[in-house]
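A.B. asks: whatever this is, show me its structure:
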Amino acid sequence: MSSVIVQVGQCGNQIGQQLWKHIQKDKKATDSHVYVNHDGKLRSVNVDSEPKVVKKLLRDAKKSNFREQNIILGKRGRGTNWSLGYHGLPGEDKLFNDALEAIRKEAERCDCFSGTIMIHSLSGGTGSGLGAHLCEAIRDEYPLQYMLSCLVAPHSSGESPLQHFNSLLCLSWVQRYSDGIILLSNDEILHRLQHRQKDKVDQEPVSFSQMNHHISSCLAGVLLPVDSLTPSSGVSLGMEPWELIRSACPMPALKILHLTQGIKSKSSWDNVASSSVYYLKRHDAQGKMYSSLANVVIARGDTHGTFPDYMKQIEDKVKSTYNCVSWNPYPVDFWTGKFNPAGGKDASSVTMAANYTNFLSPVEYMMSQSKLMYDAGAYLHWYWKYGCTRDDFDQAFESVSDIVTNYKEAVR
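C.D. replies: The predicted structure follows:
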């Protein structure tokens, strides 16, 4: 079974390029043709409304494994505006149509097309707007295949005055059309990496490149083949992304996943697992513990088969740290793999994917800010100008409000 990875906008393409480096290191992933075609070309579609991020990829396409026809570029950006990203300029549908056609052709090259993994930002114009439109179109075109959206949330301190509206609209769209959502927060990743930098002698500011590398490493931790899901033939079926949805998303309305990862060399599995949750935010502003509905723990680098000896103590640690709900009798699932794409040669990694409620606080803040701006009529003319309507906002507020309500009821 094969999957197509679609990278949309500056954020999606930067992370995607890092992710492909991890994928190409994994012989099982390349030999099984889950993410790589039989001609050696990657099952990748790169879409951006301006060429500055992807132009190097286009220049190197002939000597790299990216398919040149799958690099879809526009000539002008989307102004950090969801409406402009979703609808495009009047009479300009070429970028959207070309992207959808490239995805269709790539799906037809698959032996057995199982689904689409889309990487994009939650608040950028191209990533949020065009990403949401493509997500909707792919769901309409392939209703029986899976759709996994990997979203990167902006810094809460502010990247754009339109980021709250963009995030609201994008989240409501992917909630409606995706089977699973991996939500990664720039604030949390920056905090995590800053604390890790403290252990180093020569401390330097955390760069965007380091943040993108960390995000791609977390995604590789859950998307690459594992021995637990590989049949005795040794050929991966490529079910990891979709088994993740089945294991960690117990109900269709509750499908937002949180990722953490710990990487250590020559250390016990208990220590590696502890490092992955060391900086996990466990309480909201009122001191109430967040809760998890379901967890998947993926251990990579288990060359000696010692991980099963630590499963019980790691399971207890996960249940305690994530405050797992009582109604799920089996809240923790384990996957293992001998190959570890992240870290050094002798490094082991533990990636944890959790259906965890720590996203509720920033989402509620985003909703409150959006509501204040909407009631005041702030910046709305930029959305009306490019085709957005009041119905779009009403549906978005209702959809995101339902997400918050459903999660609060599930962990009550």
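
A.B. asks: Leu184 is in contact with Ile215, correct?
C.D. replies: Yes - contact status for Ile215 versus Leu184: in contact at 5.5 Å, counting by Cβ atoms under 8 Å. Just so you know, the C-beta spots here come from the backbone N, C-alpha and C atoms, and that holds for glycine as well.

A.B. asks: the nearest residue to Met1 once chain neighbours are set aside in helix, strand or coil?
C.D. replies: Nearest non-adjacent residue to Met1, counting by Cβ to Cβ, 6 or more residues apart in numbering: Ser114, 4.0 Å away. Secondary structure state of Ser114, per DSSP: H, G, I helix; E, B strand; the rest coil, is strand.

A.B. asks: for Ser114, list the residues it contacts.
C.D. replies: Residues in contact with Ser114 (Cβ atoms under 8 Å, 6 or more residues apart in numbering) are 1-3, 145-146, 238-239, 242.

A.B. asks: and the residues you listed, which is closest to Val36?
C.D. replies: Checking the contacts of Ser114 against Val36 by Cβ to Cβ gives Ser2 as the nearest, at 8.8 Å.

A.B. asks: residues in contact with the helix or strand that contains Pro362?
C.D. replies: In this structure, Pro362 sits in helix 360-376 according to DSSP states H and E. Contact with helix 360-376 is made by 153, 156, 164-165, 167-168, 171, 185, 187, 284-285, 290, 379-380, 393, 397, 400-401, 403-404, 407-408, as judged by Cβ under 8 Å, 6+ apart.

A.B. asks: which parts of it are buried?
C.D. replies: 360-363, 366-367, 369-370, 373-374 (16 or more other Cβ atoms under 10 Å).

A.B. asks: related to what we said a few turns ago, identify the contacts common to Ile215 and Leu184.
C.D. replies: With Cβ under 8 Å, 6+ apart as the test, Ile215 and Leu184 both reach Val152.

A.B. asks: ok, Gln10 touching Val53?
C.D. replies: Yes - contact criterion Cβ under 8 Å: Gln10 and Val53 qualify, at 4.7 Å.

A.B. asks: state the mean pLDDT of the following helix or strand past the helix holding Pro362.
C.D. replies: Once helix 360-376 ends, the next helix or strand along the chain (criterion: DSSP H and E) is helix 380-385. What helix 380-385 shows for mean pLDDT is 95.

A.B. asks: can you list contacts of helix 380-385?
C.D. replies: So helix 380-385 is in contact with 79, 81-84, 162, 165, 374, 393, going by Cβ under 8 Å, 6+ apart.

A.B. asks: for stretch 334-348, buried residues please.
C.D. replies: 334-337, 339-343, 347-348.

A.B. asks: can you check stretch 143-155 too?
C.D. replies: So for stretch 143-155, counting by 16+ other Cβ under 10 Å, buried means 145-154.

A.B. asks: ok, the buried residues of stretch 334-348 vs Val222, which is closest?
C.D. replies: Of the buried residues of stretch 334-348, the one sitting nearest to Val222 (Cβ to Cβ) turns out to be Trp335, at 8.8 Å.

A.B. asks: partners of that closest one in the sheet?
C.D. replies: Taking DSSP bridges as the rule, Trp335 bridges to Ile298.

A.B. asks: wait, Ala132 touches Trp173, no?
C.D. replies: Yes - judged on Cβ under 8 Å, Ala132 makes contact with Trp173 at a distance of 3.7 Å.

A.B. asks: who has more neighbours, these two?
C.D. replies: Ala132 (27 against 24; other Cβ atoms under 10 Å).

A.B. asks: residues contacting that one?
C.D. replies: 82, 85-86, 169-170, 173-174.

A.B. asks: in what helix or strand does it lie?
C.D. replies: helix 131-141.

A.B. asks: can you list contacts of the helix or strand following that helix?
C.D. replies: Sequence order places strand 146-153 as the next helix or strand after helix 131-141, per DSSP H and E. Contacts to strand 146-153, defined as Cβ under 8 Å, 6+ apart, come from residues 11, 15, 114-123, 127, 131, 135, 138-139, 167, 170-171, 174, 177-187, 215, 219, 241-242, 244-245, 362.

A.B. asks: inside strands: which ones of those residues?
C.D. replies: 114-121, 180-185 (DSSP state E).

A.B. asks: just the buried residues of those.
C.D. replies: The buried subset of the ones in strands among the contacts of strand 146-153 - by 16+ other Cβ under 10 Å - is 114-121, 180-185.

A.B. asks: all strands of the stretch 201-350 of the chain, in order?
C.D. replies: Secondary structure of the stretch 201-350 of the chain by DSSP state E, counting those that start in this stretch: the strands cover 256-265, 292-300, 332-337, 347-356.

A.B. asks: point out where this protein drops to low pLDDT.
C.D. replies: Within the chain, the stretches with pLDDT under 70 are 57-63, 199-202.

A.B. asks: so for it, the centremost residue is which one?
C.D. replies: The chain has Cys150 as the residue nearest its centroid, 2.2 Å off, counting by Cα atoms, centre = their mean.

A.B. asks: look up how far Pro205 lies from that residue.
C.D. replies: 25 Å (Cβ to Cβ, to the nearest Å).

A.B. asks: likewise for Pro341?
C.D. replies: 26 Å.
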